[in-house]
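1. The sequence isn't on hand, but the structure is:
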């Protein structure tokens, strides 16, 4: 329902009701302006892009407060990271109305962030956070559309992971404190992530069947995805190493510190940083996560296909596996040449045979 009515003071009152039945009205000096406004609002109702005129005044900072309140149900570390991202967003766009932010301004912002020295991956993460915040605002009908898109995205850095040699992995293992050497085994030969290795309990390892079943991450939090809980088959040689470790350092978790308590991720990374200095060729930025890259390279070198590698690394999709490790698969140029050549040669042989018979 929409209408325009002339008031006693000579102004025109345009009014309409939205899909919730709420009435909205504005006053105009000219009737044509009232009609234009009414046409815009009713068209927005039809197309599903209608925004309450009062709600449209919401600023980026105000919406971020509301958004963070709803986001607070996630794990504490995830919320902390979101707050850091939001602080950057509010510093740039906080005083602006949500609907006033333009794609060009988003692109200019990401360019400025890169110029300030922030890494490509961090700027990409900030843009993703802004896109997430706007996506929820569109869903709540605070704004009709988001200024973020693939066109405004700064792009993700595609840096190839460093893959250590087998010799470097064993050298790193030997350079680690005896109490936590098993961490290198879990990363390089089972593909566990840092928090997963620190959270792995003795009860999560089936020493007889040769299966590691990650159930929690440090300290005892649920794993981030169901895929992360996928059991990992491991050889008897690895379970024997882990069994000997458990017999020597008895505790509820596989990895413990000098005090016998559960080892934390920061302590593990600190030990890796110290040990890597004793290993020739390991780069300055080598982390425990890079042991997982070695595990992937080991599987690929053995002939495992992408689905097997995805399953062992417990990636949610094969796309993640290919994006990270596609360069490690052997070059198939010669294989494709051979396949095509076999068909062409067979055809040529057939034609020669037919000519001889004729």
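-> Sure thing, it's come through. Remember, it's a predicted structure, so these values are computed and weren't measured experimentally.
2. Show me which positions of stretch 124-131 end up buried.
-> If you call a residue buried by 16 or more other C-beta atoms under 10 Å, then stretch 124-131 has these buried ones: 124-127, 129-131. (C-beta placed from N, C-alpha, C; glycine too.)
3. List the buried residues of stretch 18-33.
-> By neighbour count, with 16+ other C-beta under 10 Å as the criterion, the buried positions of stretch 18-33 are 18, 24, 26, 28.
4. just stretch 74-83 next, same as before
-> residue 82.
5. Give the rounded mean pLDDT of that stretch.
-> Taken as a whole, stretch 74-83 has a mean pLDDT of 89.
6. Point out the ones among the buried residues of stretch 124-131 that are inside strands.
-> Assigned to strands by DSSP state E, none of those qualify.
7. what packs against whatever helix or strand residue 85 lives in?
-> Secondary structure here is read from DSSP states H and E; on that basis residue 85 sits in helix 76-93. Taking 3 or more C-beta pairs under 8 Å, 6 or more residues apart in numbering; DSSP states H and E as the contact definition, the neighbouring helices and strands of helix 76-93 are helix 60-71, helix 103-115, helix 120-139.
8. can you redo those helices as JSON lines with mean pLDDT and distance to residue 207?
-> Converted to JSON lines, the helices and strands packed on helix 76-93 look like this (pLDDT from 0 to 100; distance: least, C-beta to C-beta, whole Å):
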{"stretch": "helix 60-71", "mean pLDDT": "95", "distance to residue 207": "41"}
{"stretch": "helix 103-115", "mean pLDDT": "95", "distance to residue 207": "49"}
{"stretch": "helix 120-139", "mean pLDDT": "93", "distance to residue 207": "39"}
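9. Pick the most buried one from those.
-> Across the helices and strands packed on helix 76-93, the average number of neighbours (mean count of other C-beta atoms under 10 Å) peaks for helix 120-139, which reaches a mean of 18.
10. got the buried residues for whichever helix or strand comes after that helix?
-> From helix 120-139 onward toward the C-terminus, using DSSP H and E, the following helix or strand is helix 166-175. By neighbour count on 16+ other C-beta under 10 Å, the buried set for helix 166-175 is 168-169, 171-173, 175.
11. For helix 166-175, give the mean pLDDT please.
-> Computed over helix 166-175, the mean pLDDT rounds to 96.
12. same check, this time on stretch 225-233
-> Averaging pLDDT residue by residue across stretch 225-233 gives 94.
13. Distance across it, terminal residue to terminal residue?
-> With C-alpha to C-alpha, to the nearest Å as the measure, stretch 225-233 spans 19 Å from end to end.
14. still on that earlier bit, tabulate the buried residues of stretch 18-33 in TSV, adding columns for pLDDT and distance to residue 189.
-> Compiled in TSV, the buried residues of stretch 18-33 are given as follows (pLDDT from 0 to 100; distance: C-beta to C-beta, whole Å):
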residue	pLDDT	distance to residue 189
18	78	60
24	80	65
26	84	69
28	87	74
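15. closest to residue 238 among the residues you listed?
-> Nearest to residue 238 among those, counting by C-beta to C-beta, is residue 18 at 63.0 Å.
16. ok, so what distance separates the residue nearest the centre of the chain from residue 259?
-> A centroid search over the chain (C-alpha atoms, centre = their mean) returns residue 125, at 8.7 Å, as the residue closest to the centre. Separation of residue 125 from residue 259 (C-beta to C-beta, to the nearest Å): 35 Å.
17. Residue 297 now?
-> Distance, residue 297 to residue 259, using C-beta to C-beta: 35 Å.
18. Looking at those two now, which is surrounded by more residues?
-> residue 297 (19 against 7; other C-beta atoms under 10 Å).
19. Give me the pLDDT value at the nearest residue to the more buried one once chain neighbours are set aside.
-> Leaving out its chain neighbours, the residue that sits closest to residue 297 by C-beta to C-beta, 6 or more residues apart in numbering is residue 163, at 4.6 Å. Looking at residue 163, its pLDDT is 93.
20. Let me know whether residue 163 touches residue 294 as I believe.
-> Yes - contact status for residue 163 versus residue 294: in contact at 5.9 Å, counting by C-beta atoms under 8 Å.
21. quick one: which of these two has more around it?
-> Set residue 163 next to residue 294 and count neighbours by other C-beta under 10 Å: residue 294 wins out with 23 against 19.
22. which secondary structure element contains the more buried one?
-> Taking DSSP H and E as the criterion, residue 294 maps to helix 289-301.
23. Can you tell me which helices and strands that helix packs against?
-> Contacts of helix 289-301 with other secondary structure elements, assessed using 3+ C-beta pairs under 8 Å, 6+ apart, are made with helix 166-175, helix 182-190, helix 306-313, helix 318-325.
24. Could I get those helices in a markdown table, plus columns for distance to residue 83?
-> Putting the helices and strands packed on helix 289-301 into a markdown table (distance: least, C-beta to C-beta, whole Å) gives the following:
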| stretch | distance to residue 83 |
| --- | --- |
| helix 166-175 | 35 |
| helix 182-190 | 30 |
| helix 306-313 | 30 |
| helix 318-325 | 26 |
